[in-house]
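Enquirer: next one to model:
(one chain, ligands or ions: 1)
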Amino acid sequence: MTRALTTFLSLFESFHSSGSVVACAAPFLITLVLVLFRPSLTRTKLPPGPMAFPFVGNLLSLPTTQKAQGLRDMEQSKSYGDITYFHGLGQSLVILNNRHAMSELFIRRSDITGGRPTLTMCGELVGYNKAIVLKQPGKEFREMRKELGAAVGKGSALSRNKLLRHQELGRYLSNLLETPSLLFEHNRWLIGTYTLSIAYGYRPTKFNDTFIIAAERALAEFVDLIQPGTWIVDLFPFLKHVVLRLPFTRYKETISRYQESQKALSITPFRMVKSQLARGTAPESVCATLINKFPTRSTTEEDEAYLAWIAGNIYAGGSDTTVSSLCSFYLAMCLSPTAKKKAQAEIDAFTERMDRFPNANEKDRCPYICALISELYRWAIVAPLGIPHMFTEDVEYNGYLIPRNTTILVNAWAISQDPEIYPEPDQFRPERFLGNKQQLDPREYAFGGGRRLCPGIDLADTMMFLALSGILAVFEICPLPSCPLSYAFRDAFSRHPLPFECSITVRSSRAQDWINVALAE
Ligand code: HEM
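Expert: Numbering: from 1, shown residues only. Next up is the predicted model:
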């Protein structure tokens, strides 16, 4: 309809310039068009947004950092309502400001909100469009999600107790005790080890493991690649043929460098497992299971990429995000001694009775620690604006028309801080998720939603549960009087607490025993 109206307006302009014939016919034409298009005229009302300027629209009002954007959108939601609309340079974007808009548009209309914005540079030119996260909905997307869900979702066939071993946790605790100042590096190592052993049966022994370094480089480049406004080919895809030929732009070198990193994250570990399988030495893993299940799908490079990117999503999607929650846990324990004491009492009762740390399938025996994990997902939300989706059709909402191909962001940060859902939202309070009157589970928005809901929620819960149980059983975590702590985060694609120091000491003489038991497993 928008196109019909535009065509009409340009027709009207050309008639207007051609003189008297039109002068006579114009009233008739106007009446005809008004009658024909009247319902659609009211429908084409776009959602409200900040003031627009020619050409750039109101894109300049888009704040640059995610936290600022979250804050600002909360402000804006008071003036614009549920949704805020940005447009310019041929692009349009809508931010869903609250839980109501999220469930109405994102979840109830998940049939048309499952697309991803097309990223020519990152997806097409560097090759990340083979990864689930950038795949457009369709048969292959559904199949990949199904396989990943079967591998890491609830009730997956893989034995988590075997893959996420206490031995790695014991090594983490022991290393952390030796060098507590390297807290963030130890956290990265533990989650890296967990995700790599699930994906490939691979267990790095040191921080500077070659695979972890290559994967981290690829993820950093991925973040660089998806930054809005960085790559001209994302705004004007037809330029991709031009920029590749231009001398001096270095596009070609950049693309091939990024392609190499992309393959180091996906194809290299895949081929490692493939040759281990051929030699009969492959440990249990998602990748080995996939190769055995689809023996004919790993002959061409295209097929390899398909399987490699099912397993590749585990490290790519699960490491940086879970590390963020694990780092926030230490911050929360320093700032909320009451929550820490209650969690320690729960884990002490477990370890005294069982003489070991809990296993992956024993979450229900530690409800306070599970509630603490939920509160971490809310209090220190990892992806404040989620990952952009795209409307695959025009949609009407509250009398507004949101055009097809509009990018959608959910302001998950605003939901997590809504005082009507979470009284005193800045307080860290696991009790919100215990008892009869529980508050909204943050898994309903902190992991995205609809058809693209994060497939790793259950795995993230399990990794967090194992890590937190061990840490709480063994360590006393306290703020350092010399280093004031603050609730401050590095704003990026995923949010991480800013580096901080805290005191990490052994809680009791038995703590060293628990570490030794774990190391010996
Ligand atoms: C605390 C941990 C985690 C957080 C906060 C998190 C958050 C998210 C969010 C917000 C999305 C976007 C969903 C959407 O577009 O609506 C997402 C997608 C995704 N996550 Fe996670 N995630 C976490 C852990 C994991 C883990 C452990 C895995 C491993 C399997 C994983 C794999 C993925 C994948 C593959 C996608 C893309 C899904 C798609 O595009 O269809 N995530 N995650």
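
Enquirer: for the ligand, what are the nearby residues on the stretch 351-500 of the chain?
Expert: Residues of the stretch 351-500 of the chain lying close to the ligand (Cβ under 6 Å from any ligand atom) are 382-383, 386-387, 389, 446-449, 452-456, 459-460. Every residue, glycine included, has its C-beta placed from N, CA and C.

Enquirer: those in helices, which ones?
Expert: Of those, the ones assigned to helices by DSSP state H are Leu459, Ala460.

Enquirer: farthest pair in the residues of the stretch 351-500 of the chain next to the ligand?
Expert: Maximum pairwise distance among these (Cβ to Cβ): 22.0 Å, between His389 and Leu459.

Enquirer: and for the closest residue to Val273 other than its chain neighbours, the neighbour number?
Expert: When the adjacent residues along the chain are set aside, Val273 lies closest to Cys287, with 4.4 Å between them (Cβ to Cβ, 6 or more residues apart in numbering). When counting by other Cβ atoms under 10 Å, one arrives at 28 neighbours for Cys287.

Enquirer: list the buried residues in the helix or strand Cys287 falls within.
Expert: Assigned by DSSP states H and E, Cys287 falls within helix 286-293. Buried positions in helix 286-293, judged by neighbour count with 16 or more other Cβ atoms under 10 Å: Val286, Cys287, Ala288, Thr289, Leu290, Ile291.

Enquirer: same for the ligand: which of these are within range?
Expert: Counting by Cβ under 6 Å from any ligand atom, no member of the buried residues of helix 286-293 reaches the ligand.

Enquirer: same list, the residues you listed, but as CSV with pLDDT please.
Expert: Converted to CSV, the buried residues of helix 286-293 look like this (pLDDT from 0 to 100):
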residue, pLDDT
Val286, 94
Cys287, 95
Ala288, 95
Thr289, 93
Leu290, 94
Ile291, 94
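
Enquirer: return the member of those residues nearest to the ligand.
Expert: Set against the ligand, the nearest of the buried residues of helix 286-293 by Cβ to the nearest ligand atom is Val286 (9.0 Å).

Enquirer: which residue packs closest to that closest one, ignoring adjacent ones?
Expert: Leaving aside its sequence neighbours, Val286 sits nearest to Ala151 (Cβ to Cβ, 6+ apart; 4.3 Å).

Enquirer: hey, what's the angle from the host helix or strand of that neighbour to helix 286-293? Just curious.
Expert: For Ala151, the element it lies in under DSSP H and E is helix 139-152. Here the directions of helix 139-152 and helix 286-293 differ by 120 degrees (axes from the mean of the first three to the mean of the last three Cα atoms, to 10 degrees).

Enquirer: so does helix 139-152 get close to the ligand?
Expert: Yes. Using Cβ under 6 Å from any ligand atom, helix 139-152 reaches the ligand at Arg145, Val152.

Enquirer: pull out the buried residues from that helix.
Expert: Buried residues in helix 139-152, defined by neighbour count with 16+ other Cβ under 10 Å: Phe141, Met144, Arg145, Glu147, Leu148, Ala150, Ala151, Val152.

Enquirer: and for stretch 114-130?
Expert: For stretch 114-130, the neighbour count (16+ other Cβ under 10 Å) marks 114-117, 119-130 as buried.

Enquirer: ok, stretch 341-360 next?
Expert: When neighbours are counted by 16+ other Cβ under 10 Å, the buried residues of stretch 341-360 are found to be Lys342, Ala343, Gln344, Glu346, Ile347, Phe350, Thr351, Phe357, Pro358, Asn359, Ala360.

Enquirer: in strands only, show me the residues of the stretch 351-500 of the chain next to the ligand.
Expert: Secondary structure assignment (DSSP state E) places His389 from these within strands.

Enquirer: which of the residues of the stretch 351-500 of the chain next to the ligand are buried?
Expert: 382-383, 386-387, 389, 446-449, 452-456, 459-460.

Enquirer: nearest to Ala282 among those?
Expert: For these, the closest approach to Ala282 (Cβ to Cβ) belongs to Leu459, at 20.5 Å.

Enquirer: quick one, what contacts that closest one?
Expert: Leu459 is in contact with Val152, Ile198, Ile314, Gly318, counting by Cβ atoms under 8 Å, 6 or more residues apart in numbering.

Enquirer: which strands and helices sit next to the helix or strand hosting the second one?
Expert: Taking DSSP H and E as the definition, one finds Ile198 inside helix 183-200. Packed against helix 183-200 by the contact rule (3 or more Cβ pairs under 8 Å, 6 or more residues apart in numbering; DSSP states H and E) you find helix 160-163, helix 166-178, helix 210-225, helix 251-279, helix 286-293, helix 301-335, helix 457-474.

Enquirer: who touches Lys135 in this structure?
Expert: For Lys135, the contacting residues are Arg116, Asn129, Phe141, Met144, by Cβ under 8 Å, 6+ apart.

Enquirer: tell me the residues of the stretch 101-250 of the chain that contact the ligand?
Expert: Proximity of the stretch 101-250 of the chain to the ligand, by Cβ under 6 Å from any ligand atom, involves residues Ile132, Val133, Arg145, Val152.

Enquirer: quick one: pLDDT of the second one?
Expert: The confidence metric pLDDT takes the value 94 at Val133.

Enquirer: helices along the stretch 351-500 of the chain, start to end?
Expert: 367-379, 412-416, 457-474 (DSSP state H, counting those that start in this stretch).

Enquirer: adding mean pLDDT, write these out as JSON lines.
Expert: As requested, the helices of the stretch 351-500 of the chain are exported to JSON lines (pLDDT from 0 to 100):
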{"stretch": "helix 367-379", "mean pLDDT": "98"}
{"stretch": "helix 412-416", "mean pLDDT": "92"}
{"stretch": "helix 457-474", "mean pLDDT": "95"}
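
Enquirer: pick the most deeply packed of those.
Expert: helix 412-416 (a mean of 25; mean count of other Cβ atoms under 10 Å).

Enquirer: contacts for it?
Expert: Identification of contacts with helix 412-416 by Cβ under 8 Å, 6+ apart yields 66-67, 70-71, 73-74, 77, 97-99, 102, 378-379, 381, 383-386, 421-422, 425, 440, 442, 445-446.

Enquirer: likewise stretch 359-375?
Expert: 160-161, 164, 325, 329, 332, 339, 342-343, 346-347, 350, 358, 428-434, 441-443, 461-462, 464-466, 468-469, 472.

Enquirer: try it again with 7 Å
Expert: The contact list for stretch 359-375 (Cβ atoms under 7 Å, 6 or more residues apart in numbering) reads 160-161, 164, 339, 342-343, 346-347, 350, 358, 428-434, 441-442, 461-462, 464-466, 468-469.

Enquirer: please apply the same query to stretch 509-521.
Expert: For stretch 509-521, the external contacting residues (Cβ under 7 Å, 6+ apart) are 165-167, 169-171, 173-174, 351, 356-357, 470, 473-474, 506.

Enquirer: considering those residues, which member attains the minimum pLDDT?
Expert: Lowest in pLDDT among these is Arg165, which has 81.

Enquirer: quick check: mean pLDDT across stretch 108-121?
Expert: 92.

Enquirer: cool, stretch 242-250 as well?
Expert: The predicted model assigns stretch 242-250 a mean pLDDT of 77.

Enquirer: go on, stretch 298-312?
Expert: Average pLDDT, stretch 298-312: 88.

Enquirer: and the ligand, is that stretch touching that?
Expert: No. Under the criterion of Cβ under 6 Å from any ligand atom, stretch 298-312 makes no contact with the ligand; the nearest approach is 8.9 Å.

Enquirer: related to what we said a few turns ago, distance to Thr296 added to the residues of the stretch 101-250 of the chain next to the ligand, as CSV?
Expert: CSV is the format used below for those (distance: Cβ to Cβ, whole Å):
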residue, distance to Thr296
Ile132, 21
Val133, 26
Arg145, 21
Val152, 24
